[in-house]
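Q: Got a sequence here, can you model it:
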Amino acid sequence: MGRSSRNRRSQPKHGLAASAIIGAAIYFFNPTVVAFQDMSSLISAGEAGGHRWAAFMLQTPAGSIHKAETPFVDTALISGSIKAAGVNVPGVGRVAFSGGEHGAKLGIADPNPDENRINRAEKHGRIVSVLPKAPPKSFNAGSLLERSSMLLRLAEKPEIRMAFAKSKIRGKEIDITLAFHKVEPPKPTPAVPTLLAKLVTNDNPDILATGYAPSEPDYAKTSPFESILTQDKNNGRFTPPVEPGDHPWAASPLPPLVFTPKQQKCLAEGIYFEARGEPVKGQAAVAQVILNRVRNPAYPKTICGVVYQNDDWRNRCQFSFACDGRRHRVTEQSHWRTAQQVAKAVTAGQIWLPEVGSATHYHATYVNPRWARTMERVKKIGLHIFYRTYGGGWS
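A: Numbers count the residues shown, from 1 in each chain. Below you'll find the model as predicted:
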C-alpha cells in the first residue's frame, strides 16, 4: 500500500515536465504570426490599429470605398517598420504602404516584364495569303458602267466612250420586233355549205355563233386616240346594215338566247315546214323574216315565241303550219339538214338579204290575204312575196 501511494504522488511532476517541453518547442519553432483569419486582415496594415477582436464592418453610404495603397512587389525591400506606415497625400488621403500581402491583384511577383516572359519562338507569318476578291460581274443592259463594289475605288476605264454613237441596229427595228412577236394564225371562219356560199354577205359572223372572243383592234388602220377613247359599238356582234326605207329597230343585234339549240330548232322548223320546197335563197328570206320579228319590239323576244305565236288561232297565225290543226313531222332528212344550215348562217349574220331588209310578213303567190294591201311590198322570191309595214310595228 505504501508503494502505490508513492507512485501516485510522482505522476503530476512528470506531466508538468512534458507540457513544458512541448510548449518550449512550439515557442521556438513558431516565432512569428502566421496569419489572422479575422476582419482586420482584410484591411491595409496602416489601418489595423487597436484591438483586432473589436474590429467590425460598416455599411457604406454608396457603392464601396477603397483606400489608396502602394504595394511593393519586391518584399525584400520592405522592412517591418515601413510595412505599417503610410503617407498623407493632399486631395487623396492616407496612402498605406503594403509589403506584398495585398499585392495579389498585381499577379505573380516576377521582376521580368511581360514582353520578356512571352514565348514567341513558334510564331511566324500567315501561311495562306488573302487576295482581294473582285465583285461579280453581271449583265447590265444599256448601262455605260459595269457594276462595282461600293467599298472599292472605281477604276477609271479610258476605253468607255462617253459620247453618242451610231446604233448598229438602225433600220432593223421591224425585223427585231417580228423576231419576238408571236404570229397567231387567223381565226377560222365557220364553214359554210357549198349551196350557201353564194349567199354569204358577211365574213365576220356574230361572236356568239362562232364562240370566239372579239378580235383586237387594228392599230395600223385606226387612230391611236380613237382606240383609247372609243370602243367597238357592236363588240363583235352582228348588226344588220340598214338600207333606206328600213326601220331603225332592224339595226340591232339579236338576243343571245337565239343561239341556243332550242331556239335554233324552232327556226329550222319554221324554215322546213314553210319553205323546204323553195330555193336556198327563199329559205334564207323566210329565216330573215322570223329573225326580224325577234328584233322588232312588237313581237316576242325568242324565236320559238315568234314561230308559234297565236298557234291556238286556227288558220289565223303568220306561219300556217303552227295553226292548221295538223301534227307535222320531219320526214325528209336532206331538207331538214339544209334548214338547219340556213338557220345557223342567217342567225350568225353570214347571210343578210338587202332586198328583204326589215320585212316582217310574207305570203304565198297563190293566196291573196287582206292585210297585204296595208303594207309595202318589197320583193318576190320563189313562191313567196315579202312585205314591210309602214309604221314599223305590228302592221
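Q: Tell me where the model's unsure across the stretch 101-250 of the chain.
A: 101-111, 114, 126-163, 181-192, 210-234 (pLDDT under 70).
Q: what about 90?
A: 101-238, 242-245 (pLDDT under 90).
Q: Around the nearest residue to C304 once chain neighbours are set aside, how many other residues sit close by?
A: Nearest residue to C304, sequence neighbours excluded (Cβ to Cβ, 6 or more residues apart in numbering): C266, at 4.0 Å. All C-beta atoms are positioned from the backbone trio N, CA, C, and that covers glycine. C266 is flanked by 21 other residues according to other Cβ atoms under 10 Å.
Q: Return the host helix or strand of C266 as PDB; C-alpha atoms alone will do.
A: Assigned by DSSP states H and E, C266 falls within helix 261-275. Extracted in PDB, the C-alpha atoms of helix 261-275 (Å, rounded to 0.1, in the frame of the first residue of the first chain):
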ATOM      1  CA  PRO A 261     -80.100  24.700-129.500                       C
ATOM      2  CA  LYS A 262     -83.800  25.000-128.600                       C
ATOM      3  CA  GLN A 263     -84.200  28.300-130.400                       C
ATOM      4  CA  GLN A 264     -82.200  27.100-133.400                       C
ATOM      5  CA  LYS A 265     -84.500  24.100-133.600                       C
ATOM      6  CA  CYS A 266     -87.600  26.300-133.700                       C
ATOM      7  CA  LEU A 267     -86.100  28.400-136.500                       C
ATOM      8  CA  ALA A 268     -85.200  25.200-138.500                       C
ATOM      9  CA  GLU A 269     -88.800  24.000-138.100                       C
ATOM     10  CA  GLY A 270     -90.100  27.300-139.400                       C
ATOM     11  CA  ILE A 271     -87.900  27.100-142.500                       C
ATOM     12  CA  TYR A 272     -88.600  23.400-143.100                       C
ATOM     13  CA  PHE A 273     -92.300  23.500-142.800                       C
ATOM     14  CA  GLU A 274     -92.800  26.900-144.500                       C
ATOM     15  CA  ALA A 275     -90.200  26.800-147.300                       C
END
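Q: For the nearest residue to N296 once chain neighbours are set aside, give its distance to P240.
A: Ranked by Cβ to Cβ, 6+ apart and with sequence neighbours excluded, the top spatial neighbour of N296 is W249, at 5.7 Å. For W249, the distance to P240 equals 10 Å [Cβ to Cβ, to the nearest Å].
Q: And these two? Which one has more around it.
A: P240 (22 against 15).
Q: is it true that that one touches A251?
A: Yes: using Cβ atoms under 8 Å, P240 makes contact with A251 at a distance of 6.0 Å.
Q: how close does L383 get to A287?
A: Distance from L383 to A287, by Cβ to Cβ: 16 Å.
Q: the more surrounded of the two?
A: A287 (27 against 15).
Q: Let me see the contact set for the residue nearest to C304.
A: By Cβ atoms under 8 Å, 6 or more residues apart in numbering, the contact set of C266 is T302, I303, C304, V307, Y308.
Q: neighbours of the third one, just the number please.
A: Residues within reach of C304, counting by other Cβ under 10 Å, total 18.
Q: Am I right that it is in a helix?
A: Yes: according to DSSP: H, G, I helix; E, B strand; the rest coil, C304 belongs to a helix.
Q: contacting residues around it?
A: By Cβ under 8 Å, 6+ apart, the neighbours of C304 are K262, Q263, C266.
Q: Repeat that for the last one.
A: Neighbouring residues of Y308 by Cβ under 8 Å, 6+ apart: C266, F319, A322.
Q: Now do it against C323, distance only.
A: 9 Å.
Q: Kindly report the same for the first one.
A: For T302, the distance to C323 (Cβ to Cβ) stands at 18 Å.
Q: in the stretch 251-395 of the chain, which spans are strands?
A: Assigned by DSSP state E, counting those that start in this stretch, the stretch 251-395 of the chain shows strands spanning 361-364, 376-381, 384-388.
Q: Please produce a markdown table containing those, extended by mean neighbour count and mean pLDDT.
A: Putting those into a markdown table (neighbours: other Cβ atoms under 10 Å; pLDDT from 0 to 100) gives the following:
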| stretch | mean neighbour count | mean pLDDT |
| --- | --- | --- |
| strand 361-364 | 20 | 93 |
| strand 376-381 | 16 | 94 |
| strand 384-388 | 22 | 95 |
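Q: would N235 count as being in a strand?
A: No: with three-state DSSP as the criterion, N235 is assigned coil and is not in a strand.
Q: how many neighbours does it have?
A: 9.
Q: Could you do G325 as well?
A: Other residues close to G325 by other Cβ under 10 Å number 6.
Q: now, among the contacts of Y308, which is nearest to S19?
A: Nearest to S19 among the contacts of Y308, counting by Cβ to Cβ, is C266 at 144.8 Å.
Q: Of the strands of the stretch 251-395 of the chain, which is nearest L196?
A: Nearest of the strands of the stretch 251-395 of the chain (Cβ to Cβ): strand 376-381, 15.1 Å.
Q: So in that sheet, which strands flank the closest one, and in what orientation?
A: strand 384-388 (antiparallel) (DSSP bridges).
Q: So what angle separates the directions of the partner strand and helix 261-275?
A: Between the axes of strand 384-388 and helix 261-275, defined by axes from the mean of the first three to the mean of the last three Cα atoms, to 10 degrees, the angle is 120 degrees.
Q: Name the residues that touch strand 384-388?
A: Under Cβ under 8 Å, 6+ apart, the answer for strand 384-388 is 245-247, 275, 278, 282, 285-286, 289, 356-365, 372, 375-380.
Q: Now with 7 Å, please.
A: Residues outside strand 384-388 that contact it (Cβ atoms under 7 Å, 6 or more residues apart in numbering): 275, 278, 282, 285-286, 289, 356-365, 372, 375-379.
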